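Visitor: how would this look folded up:
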Amino acid sequence: MNFNRFTYTFFFVGIALFTTVVSCRSVKSYNSKPLKNQVFATEKDQVDIDLRVYHVNDSLTRIYYKISTENLMFKRVDTTSNFYANLLVGCKVLPEINSRAIIDSSSVGLSFKLPEPGKDKFVEGVFSLKVKPTSFAYVDLWVIDNFKNLKHSNPIVISKRNKNVAQYYMVYCNNKVNYTNNFFAGDNVRIESNVNQGQIVYVDCFFKEFGPALPPFSTVKPDEFKYKPDSTFTVRLEKSAELTMPIRGFYHLRSLSAEQDGLSLFTFEKAYPGVSDIGEMINCTRYIMNKVEFENCKNATDKKLCIDNFWLTIGGSNERAKELLRKYYNRVMEANKAYTSYTQGWKTDRGMIYVNFGDPVNLYRSKNEEMWIYGPETDVNSLKFIFKKTENPFSDNDYILQRSYIYQAPWFDMVDYWRQGRIILDK
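Guide: Down below sits the predicted model:
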């Protein structure tokens with residue numbers, strides 16, 4: 001087998017598949033996960049829904065949304081008409097997850113033509129809802145594709161516990177609403193706040209590089225995250241304030257009166273949420289590499305050849321290696337979309353489990369907890385992972401896995417499943 005020829009054909013196919021981001025392009029914050037007892041939508045059916053919550057004042061909240069048109073169904077009435085999609089988009093605010101009480105709600109029907117080649121493949125809108133000051137509320141923005149008869153949703157937590165929380169700030173990039181707080185080095189970001197207008201804002205700079213999550217059975221205590229910034233500067237928030245994103249790390253904006261609450265803006269790799277950088281490809285493959293393989297790739301003179309040969313070795317052929325690579329790095333990308341907190345999603349506890357095990361059969365959410373179940377829900381042998389939400393001033397999407405030695409055997413079984421190339425049978 002010609003390894004050199006394989007390197008140049010297979011590797012660049014991988015780059016084409018996973019490098020999908022343009023600067024300031026937004027990504028969804030959750031991957032349309034069901035709340036309970038619902039089957040996950042297949043990859044061809046999943047619809048990306050991006051959200052931005054902005055509290056205009058103590059009583060008015062705006063929910064900005066952006067819906068990808070990639071997996072929607074378009075139909076035409078006859079052969080002479082255009083192809084159209086037909087959606088029902090709704091938003092409801094609940095005091096608790098699964099509550100029957102509704103604080104406020106709104107919905108709208110959308111019908112639009114199939115985007116022309118080269119045009120933006122998304123639709124945007126905004127809901128204005130009445131939300132009084134509260135420490136917690138739950139928002140579910142849902143989309144029904146009427147032609148497919150499928151419902152997709154993106155849940156998000158609302159917080160109005162004080163005027164320093166991130167949702168009291170509106171964020172733009174290139175004069176467009178940015179639906180996440182993730183950017184690339186050198187991006188110009190504009191911040192607005194109706195409530196905090198005219199204030200001096202402190203910008204704490206953090207440049208720490210975070211490693212991948214520890215295995216689910218690990219007893220090693222992870223490094224404690226110190227909240228002390230590497231440096232600090234100030235900006236005045238007149239009508240708006242502008243910042244240029246650093247090469248790495250993140251900014252945390254806070255008022256003088258806020259010790260920790262505030263808005264965090266993160267710098268990630270140019271390919272984020274995909275993977276194209278060789279070093280990043282090696283790093284996120286750590287979950288299925290042994291220590292020797294990982295160190296060899298990290299220290300290799302030709303790192304590209306080394307990571308290509310790793311996939312070829314476990315795949316056994318070019319085609320199987322391509323499929324394994326596609327599946328693995330696609331999961332990394334989805335983890336980045338859904339589970340990014342103050343570090344990339346694949347490095348988090350939920351991202352680690354998702355990359356290795358894939359979608360759970362059932363997922364349960366409560367205010368401060370998620371339970372992922374692999375296998376029949378009533379089977380005592382089914383694998384269950386419990387993630388506890390942790391208070392983090394830099395992210396509202398930080399969950400910690402309740403680790404246990406009982407995960408050791410299934411973890412290594414799944415690693416072997418990858419390394420034997422059998423994962424590609426799991427469609």
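Visitor: With only the CA atoms kept, save stretch 127-144 in PDB.
Guide: The C-alpha trace of stretch 127-144 is given here as PDB (Å, rounded to 0.1, in the frame of the first residue of the first chain):
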ATOM      1  CA  PHE A 127     -39.400  37.100  19.000                       C
ATOM      2  CA  SER A 128     -40.100  39.800  21.600                       C
ATOM      3  CA  LEU A 129     -41.300  38.200  24.900                       C
ATOM      4  CA  LYS A 130     -42.200  39.500  28.300                       C
ATOM      5  CA  VAL A 131     -39.900  38.000  30.900                       C
ATOM      6  CA  LYS A 132     -39.700  39.600  34.400                       C
ATOM      7  CA  PRO A 133     -36.500  39.600  36.500                       C
ATOM      8  CA  THR A 134     -35.700  36.000  37.500                       C
ATOM      9  CA  SER A 135     -32.700  33.800  38.300                       C
ATOM     10  CA  PHE A 136     -33.900  31.100  36.000                       C
ATOM     11  CA  ALA A 137     -36.300  30.500  33.100                       C
ATOM     12  CA  TYR A 138     -36.300  28.000  30.400                       C
ATOM     13  CA  VAL A 139     -36.800  28.900  26.700                       C
ATOM     14  CA  ASP A 140     -37.600  26.400  24.000                       C
ATOM     15  CA  LEU A 141     -37.500  27.600  20.400                       C
ATOM     16  CA  TRP A 142     -39.000  25.000  18.100                       C
ATOM     17  CA  VAL A 143     -39.300  24.500  14.400                       C
ATOM     18  CA  ILE A 144     -41.700  22.300  12.600                       C
END
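Visitor: buried set for that stretch?
Guide: Neighbour-count burial for stretch 127-144, counted by 16 or more other CB atoms under 10 Å, picks out F127, L129, V131, A137, Y138, V139, D140, L141, W142, V143, I144. In this view, the C-beta of every residue, glycine as well, is placed from N, C-alpha and C.
Visitor: so how far is it off the chain centroid?
Guide: Distance of stretch 127-144 from its chain centroid, counting by CA atoms, centre = their mean, to the nearest Å, is 20 Å.
Visitor: what's the average pLDDT for that stretch?
Guide: The average pLDDT within stretch 127-144 is 88.
Visitor: what's the closest of the buried residues of stretch 127-144 to Q199?
Guide: Nearest to Q199, judged by CB to CB, of the buried residues of stretch 127-144 is V131 at 22.4 Å.
Visitor: how close does that closest one get to S153?
Guide: 18 Å (CB to CB, to the nearest Å).
Visitor: does D50 sit in a helix, a strand or a coil?
Guide: strand (DSSP: H, G, I helix; E, B strand; the rest coil).
Visitor: now the end-to-end length of stretch 377-384.
Guide: Separation of the first and last residues of stretch 377-384 by CA to CA, to the nearest Å is 9 Å.
Visitor: residues of it that come out buried?
Guide: So stretch 377-384, judged by 16+ other CB under 10 Å, has buried residues L383, K384.
Visitor: Show me the contact partners of that stretch.
Guide: N37, F357, V361, N362, M371, W372, I373, Y374, G375, P376, Y407, P410 (CB atoms under 8 Å, 6 or more residues apart in numbering).
Visitor: among those, which two are most distant?
Guide: N37 and Y407 (23.7 Å).
Visitor: who's more crowded, these two?
Guide: Neighbours per residue, other CB atoms under 10 Å: of N37 and Y407, the larger number sits with Y407, 19 against 10.
Visitor: starting at the chain centroid, how far to the longest helix anywhere in the chain?
Guide: For the chain, the helix with the greatest residue count under DSSP state H is helix 318-339. Remark: helix 318-339 is offset 15 Å from the chain centroid, using CA atoms, centre = their mean.
Visitor: Stretch 156-163 now?
Guide: For stretch 156-163, the distance to the chain centre is 20 Å (CA atoms, centre = their mean).
Visitor: Output the below-cut-off pLDDT ranges for the stretch 101-250 of the chain.
Guide: Applying pLDDT under 70 to the stretch 101-250 of the chain flags residues 223-226.
Visitor: about what we covered before: tell me which of the buried residues of stretch 127-144 is nearest to A85?
Guide: Distances from A85 to the buried residues of stretch 127-144, taken by CB to CB, are shortest for V143, at 10.5 Å.
Visitor: That closest one and P273: what is the separation?
Guide: 20 Å.
Visitor: got it, and L363?
Guide: In terms of CB to CB, L363 sits 20 Å off from P273.
Visitor: more neighbours, those two?
Guide: Legend: neighbour count by other CB under 10 Å for L363 and P273, higher for P273 (25 against 18).
Visitor: so the more buried one is in which element?
Guide: Under DSSP states H and E, no helix or strand contains P273.
Visitor: From what I see, K151 and G90 are in contact.
Guide: No: K151 is beyond contact range of G90, at 9.8 Å (criterion: CB atoms under 8 Å).
Visitor: what are the phi and psi angles of the most far-flung residue of the chain relative to its centre?
Guide: Farthest-out residue of the chain from its mean C-alpha position, per CA atoms, centre = their mean: T80, at 40.3 Å. Main-chain torsions, T80, degrees, to the nearest 10: phi -100, psi -10.
Visitor: Contact partners for it?
Guide: Counting by CB under 8 Å, 6+ apart, T80 has no contacts.
Visitor: how far away is it from G186?
Guide: Counting by CB to CB - T80 and G186 are separated by 48 Å.
Visitor: N296 too?
Guide: For N296, the distance to G186 - CB to CB - is 33 Å.
Visitor: what's the answer for F385, then?
Guide: 38 Å.
Visitor: Of those two, which one has the most company?
Guide: Set F385 next to G186 and count neighbours by other CB under 10 Å: F385 wins out with 23 against 11.
Visitor: Excluding chain neighbours, what is closest to that one?
Guide: Using CB to CB, 6 or more residues apart in numbering and skipping the chain neighbours, the partner closest in space to F385 is W372 (4.5 Å).
Visitor: Looking at strand pairing, list the partners for the one you found.
Guide: W372 has the following beta-bridge partners by DSSP bridges: L363, F385.
Visitor: what are the ranges of the strands in the stretch 301-427 of the chain?
Guide: 362-366, 369-374, 383-389, 399-401 (DSSP state E, counting those that start in this stretch).
Visitor: Mean pLDDT and distance to V195 for those - can I get that in CSV?
Guide: Shown next, in CSV, are the strands of the stretch 301-427 of the chain (pLDDT from 0 to 100; distance: least, CB to CB, whole Å):
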stretch, mean pLDDT, distance to V195
strand 362-366, 87, 29
strand 369-374, 94, 31
strand 383-389, 95, 25
strand 399-401, 95, 28
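Visitor: ok so, going back, any residues in contact with both of K151 and G90?
Guide: W142, I144.
Visitor: Each with direction, which strands does the one helix or strand F233 maps to pair with?
Guide: Assigned by DSSP H and E, F233 falls within strand 231-236. Using DSSP bridges, strand 231-236 pairs in its sheet with strand 200-206 (antiparallel).
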